[in-house]
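Participant: Requesting a structural model of the entry that follows:
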Amino acid sequence: MKKENCLWELIYLKDNLWVPDTASKRIELGRLLARKFSTDEDIVVPIPETATLIAQGYSLEAGIPLVCAVYKKRPKIRTLFIKNREKVMKDIFFVIPELVKNKKIALIDETTISGASVSIVINLLKQAKAKEIKVRIVAPIRRQCPKKDFIKSWTTIRHIPDYTKHLQVDSFGCLSMKVLKNFAKCVHCFEGE
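Facilitator: From the prediction side, this is the model:
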């Protein structure tokens with residue numbers, strides 16, 4: 001497998017979301033997550049839309065249905081770069097309650113930076129009476145990128161010792177750095193305490 005230059009670009013950028021090689025790698029990352037963490041979930045739910053292929057891989061490997069129960073209204077700007085991000089995000093996501101009620105959910109996202117997006121979706125799933133929520137991501141952002149200026153605008157990168165407790169979910173899991181280094185030459189943003 002040919003390594004990508006940057007893990008962040010591989011798992012997050014939408015511009016290469018449907019490039020065949022990138023799509024295959026995202027699906028493989030999802031499969032690896034399922035091998036490591038899948039237990040007794042009823043459904044796999046991606047946070048749209050960069051996590052969709054990762055969730056597809058998780059679903060295929062675990063044999064658990066992929067259910068698109070979370071949707072995102074289209075904002076006029078990319079929410080990653082705005083100051084009042086959490087306020088705007090609350091108006092963007094919505095959940096279809098009948099798809100998640102009384103279900104054990106593997107909630108898939110590609111990464112977490114501040115936890116704003118995933119926290120909002122978790123709260124919506126709880127309001128819709130999901131039975132259990134298990135968050136699965138490729139890896140959390142640990143530190144700022146020295147090469148990308150836009151990342152310096154993030155003011156809420158957190159160093160969280162216990163994501164399960166912080167996000168108030170039933171469990172939290174991500175891939176190891178050893179695994180991630182097989183996919184990209186640079187994993188700087190994901191390393192560190």
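
Participant: Could you count how many residues lie near Leu60?
Facilitator: Neighbour count for Leu60, taken as other CB atoms under 10 Å: 15. No exception for glycine: its C-beta is placed from N, CA and C like everyone else's.

Participant: quick one: the helices in the protein?
Facilitator: All helices of the chain, identified by DSSP state H, fall at 7-12, 20-37, 52-62, 85-90, 97-100, 116-127, 163-167, 177-180.

Participant: where are the low-confidence patches of this structure?
Facilitator: 14-18, 75-88, 148-159, 192-193 (pLDDT under 70).

Participant: For Lys129, which non-adjacent residue is closest in space?
Facilitator: Excluding the flanking residues, the one nearest Lys129 by CB to CB, 6 or more residues apart in numbering is Lys101, at 4.6 Å.

Participant: From Ala130, how far off is the one you found?
Facilitator: 7 Å (CB to CB, to the nearest Å).

Participant: hmm, back to that, now do the same contact list for the residue nearest to Lys129.
Facilitator: Ala128, Lys129, Ala130 (CB atoms under 8 Å, 6 or more residues apart in numbering).

Participant: again, but for Leu60
Facilitator: Ile27, Gly30, Arg31, Ala34.

Participant: neighbours of the closest residue in space to Cys6 that isn't next to it in sequence, just the number please.
Facilitator: Here the nearest residue to Cys6 in space, its sequence neighbours aside, is Cys186; by CB to CB, 6+ apart that works out to 4.9 Å. Residues near Cys186, counting by other CB under 10 Å, number 18.

Participant: I am finished for the moment; much appreciated.
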